[in-house]
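J.: Need the 3D shape of this:
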Amino acid sequence: MDYRHQPAVTLAEVAQAAGVGESTVSRVLRNHGSFSRKTRDRVMEAVERLGYVPNRIAGTLASAGSRLVAFVIPSLSNIVFPDVLRGASAVLEANQHQAVFSVTDYDPEREEALVAAMLAWRPTAVMLAGFEHTQGTLKMLRASGCRVAELLDLDGTALDLAVGFSNRAAGRASAEFLLRRGYRRIGYVGHDLDRDTRAAKRHDGFCEALGAAGAALAGREIHAGPSSVEGGRLGLERLLARYPDLDAVYFSNDDMALGGYFHCLARGIPVPSALALFGHNGLDIGRVTPQPLSTIRTPRVATGQVAAELVVADAPPQAVDLGFELIEGATA
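T.: You can find the predicted model right below:
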């Protein structure tokens, strides 16, 4: 059954499940008035089990809430997500919808808390990055009755709408390109793969393609923290200290790859003759470096635009593959 056609869980349903009156549920949720600890525990157990989110919009404000589109994104320091917002905002504004956003810092527990906060305003849609969410987040989204768009990934099962590309395929394409160029001693520099699940899928796809060609990563360095130019520079420095004979390095994204490029410039390492570098995302800055970065260009603005168009049109559940483009550049 298509979950989006199910009505949102109501206060009355919570009251029935907890065996108390609606006014008691309201007092518990507002933490105002008298009720016993036992009653509170029963109410909160029912809230968690049903995935109920209190409605903060009442009366005449309800119609305004239906025009909200909530974005729960991992980062604003990475240009990827502002690009998605830029693509979506133009469509939403043209259709009298208002975008609001919050930032998770790649923390799934924080994402759950922010989804709860956003759903309390009864948005018409919630947009998130990727498919990996806590069980609590999934339960709330399924019970919300609003549209859900999961962005920048197609390697998983969508709740409702999915718009983006296959990160595993992007990783495989990156490895196949380096192998075609004759590189065999290939290393990897990345950031926190446990939190950035899309980067982890690219890493896995890259390793799969190497394995299919009878090769494997010669070395790997994972930066403890979010992706950054500095993290890429330090990561490559540490990787080369352990594996000085590498002939190519694949980075988790362009921020990290640019840091690696700056390390090579500072140390006089010729790129790509002594060491090839390959990134991911196709950021504008990578095109204007002394040697344009070899990378995968992702459809960030288009992802936001298409997702917003689907929400505004109330399109049926679907996955839209926007693909990606391999940019040969000059660093590999």
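J.: ok, Arg147 touching Ala162?
T.: No: using CB atoms under 8 Å, Arg147 makes no contact with Ala162, being 11.9 Å away. The C-beta positions use only the backbone N, C-alpha and C, and glycine is treated the same way.
J.: Extract the C-alpha trace of the one helix or strand Glu45 maps to and format it as PDB.
T.: Assigned by DSSP states H and E, Glu45 belongs to helix 37-50. Provided in PDB are the C-alpha atoms of helix 37-50 (Å, rounded to 0.1, in the frame of the first residue of the first chain):
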ATOM      1  CA  ARG A  37       4.500   9.000  35.600                       C
ATOM      2  CA  LYS A  38       2.700   5.800  34.700                       C
ATOM      3  CA  THR A  39       0.300   7.800  32.400                       C
ATOM      4  CA  ARG A  40       3.200   9.700  30.900                       C
ATOM      5  CA  ASP A  41       5.100   6.400  30.100                       C
ATOM      6  CA  ARG A  42       2.000   4.900  28.400                       C
ATOM      7  CA  VAL A  43       1.400   8.000  26.300                       C
ATOM      8  CA  MET A  44       5.100   8.300  25.200                       C
ATOM      9  CA  GLU A  45       5.200   4.600  24.400                       C
ATOM     10  CA  ALA A  46       2.200   5.000  22.100                       C
ATOM     11  CA  VAL A  47       3.700   8.200  20.500                       C
ATOM     12  CA  GLU A  48       6.900   6.300  19.700                       C
ATOM     13  CA  ARG A  49       5.100   3.100  18.500                       C
ATOM     14  CA  LEU A  50       2.800   5.000  16.200                       C
END
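J.: Pull the residues that contact it.
T.: Applying CB atoms under 8 Å, 6 or more residues apart in numbering, the external contacts of helix 37-50 come out as 9, 13-14, 17-20, 24-25, 28-29, 35, 52, 136, 143.
J.: Flag every buried residue along it.
T.: 39-40, 42-43, 46-47, 50 (16 or more other CB atoms under 10 Å).
J.: And for stretch 131-142?
T.: Applying 16+ other CB under 10 Å to stretch 131-142 flags 131-133, 136-142 as buried.
J.: Format those residues as JSON lines; extra columns: pLDDT, distance to Asp196 and secondary structure.
T.: Shown next, in JSON lines, are the buried residues of stretch 131-142 (pLDDT from 0 to 100; distance: CB to CB, whole Å; DSSP: H, G, I helix; E, B strand; the rest coil):
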{"residue": "Phe131", "pLDDT": "97", "distance to Asp196": "13", "secondary structure": "coil"}
{"residue": "Glu132", "pLDDT": "96", "distance to Asp196": "10", "secondary structure": "coil"}
{"residue": "His133", "pLDDT": "96", "distance to Asp196": "14", "secondary structure": "coil"}
{"residue": "Gly136", "pLDDT": "96", "distance to Asp196": "20", "secondary structure": "helix"}
{"residue": "Thr137", "pLDDT": "97", "distance to Asp196": "17", "secondary structure": "helix"}
{"residue": "Leu138", "pLDDT": "97", "distance to Asp196": "19", "secondary structure": "helix"}
{"residue": "Lys139", "pLDDT": "96", "distance to Asp196": "23", "secondary structure": "helix"}
{"residue": "Met140", "pLDDT": "96", "distance to Asp196": "22", "secondary structure": "helix"}
{"residue": "Leu141", "pLDDT": "96", "distance to Asp196": "21", "secondary structure": "helix"}
{"residue": "Arg142", "pLDDT": "95", "distance to Asp196": "24", "secondary structure": "helix"}
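J.: Relative to Asp314, which of these is nearest.
T.: For the buried residues of stretch 131-142, the residue nearest Asp314 by CB to CB is Leu141; the value is 16.9 Å.
J.: residue contacts, the closest one?
T.: By CB under 8 Å, 6+ apart, Leu141 lies in contact with 115, 119, 126, 133, 148, 159.
J.: give me that answer again for 10 Å
T.: Contacts for Leu141 (CB atoms under 10 Å, 6 or more residues apart in numbering) come out as 3-4, 51, 53, 115, 119, 126, 128, 133, 147-148, 150, 159-160.
J.: try Ala224
T.: 191-192, 231, 234-235 are the contacts of Ala224 under CB under 10 Å, 6+ apart.
J.: before we move on, what about Leu161?
T.: Listed by CB under 10 Å, 6+ apart, the contact set of Leu161 reads 4, 125, 127, 147-151, 306-307, 310-311, 315-320.
J.: What about the residues you listed, which are in strands?
T.: Among the contacts of Leu161, the ones falling in strands (DSSP state E) are 125, 127, 147-151, 318-320.
J.: Most neighbours out of those residues, which is it?
T.: Of all the ones in strands among the contacts of Leu161, the highest neighbour tally under other CB atoms under 10 Å goes to Met127, namely 28 neighbours.
J.: isn't it right next to Ala158, touching?
T.: No: Met127 lies out of contact with Ala158 (CB atoms under 10 Å); the separation is 12.0 Å.
J.: Mind listing the shared neighbours of the two?
T.: Common contacts of Met127 and Ala158 (CB under 10 Å, 6+ apart): 148-150.
J.: tell me the domain boundaries of this protein?
T.: Listed by automatic domain parsing, the domain ranges of the chain are 1-52, 61-165+300-322, 167-297.
J.: Serialize the ones you listed to a markdown table and add fields for distance to Ala330.
T.: Listed next are these as a markdown table, based on distance: least, CB to CB, whole Å:
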| stretch | distance to Ala330 |
| --- | --- |
| domain 1-52 | 47 |
| domain 61-165+300-322 | 21 |
| domain 167-297 | 4 |
